[in-house]
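**Q** following is a predicted model, sequence given first.
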Amino acid sequence: MSAKGNDFGTIYGKKNYDIFATLLGFEYSFYERAASEMPIEKGMKVLDLGCSTASLDLEREEKMEHNGKILGIDLSNNQLAYAHSKIKEAFRVLIRGGYFVLIDCARPRFSITSMMLLPFFMFKTNEDNWNNAYVDICEENSMTLKREAYLKSYIRCQIFKKQV
């Protein structure tokens, strides 16, 4: 898929994506912290919806000591509608007690970084994780929110567990 969930098809996309990701604070320490929040063990199978350049997947591989499987899929512009179908699919393939992790841009908490990025947030085209819609979608599919943490003032990590 060529389009990004946050419509990165303009100056934010393609060869400029890594530049903007670095400016927004997505460097190695971010991915290291994000992976540390996840209940990942050796030999696990991980489905990454919205994997972008797979930087987090590489850190997950490191945490699993290269003894696991990761499938990364990048999301399309109609992210919320797409998320409905993909979360249902994740529930279908997820084992009982398995985890589903979402990391996405969220409604920012107050910080200097959030203030500097305010213009970027004002033009946000998707309201999925911004309005915390994924919690309802996951609950409709028998996945319960187990833990939530902000990795940055505008990036939220949510961990869901399959109940049925």
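**A** Structure's in. What do you need?
**Q** which residues touch Lys63?
**A** Counting by CB atoms under 8 Å, 6 or more residues apart in numbering, Lys63 touches Ala35, Ser36, Met38, Ile40. In this view, the C-beta of every residue, glycine as well, is placed from N, C-alpha and C.
**Q** if I look at the last one, how far off is Leu24?
**A** The one in question is Ile40. Separation of Ile40 from Leu24 (CB to CB, to the nearest Å): 24 Å.
**Q** likewise the second one?
**A** According to CB to CB, Ser36 stands 20 Å off from Leu24.
**Q** ditto for the third one
**A** In this view, Met38 and Leu24 are 21 Å apart by CB to CB.
**Q** kindly export the longest strand along the chain (C-alpha atoms) in CSV.
**A** In the chain, ranked by residue count with DSSP state E as the criterion, the top strand is strand 143-152. Written as CSV, here are the backbone C-alpha positions of strand 143-152 (Å, rounded to 0.1, in the frame of the first residue of the first chain):
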residue,chain,number,x,y,z
MET,A,143,-10.6,-7.5,23.1
THR,A,144,-10.2,-5.7,26.4
LEU,A,145,-7.9,-2.7,27.0
LYS,A,146,-5.3,-3.9,29.5
ARG,A,147,-2.8,-1.1,29.5
GLU,A,148,-2.4,2.3,28.1
ALA,A,149,0.7,4.6,28.1
TYR,A,150,1.8,7.7,26.3
LEU,A,151,5.2,7.1,24.8
LYS,A,152,5.4,10.8,23.8
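**Q** average pLDDT for that strand?
**A** Strand 143-152 comes out with an average pLDDT of 87.
**Q** thinking again about what came up before, PyMOL command for the buried members of the contacts of Lys63?
**A** Filtering these down to the buried ones (16 or more other CB atoms under 10 Å) takes a single PyMOL command:
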select buried, resi 35+38+40
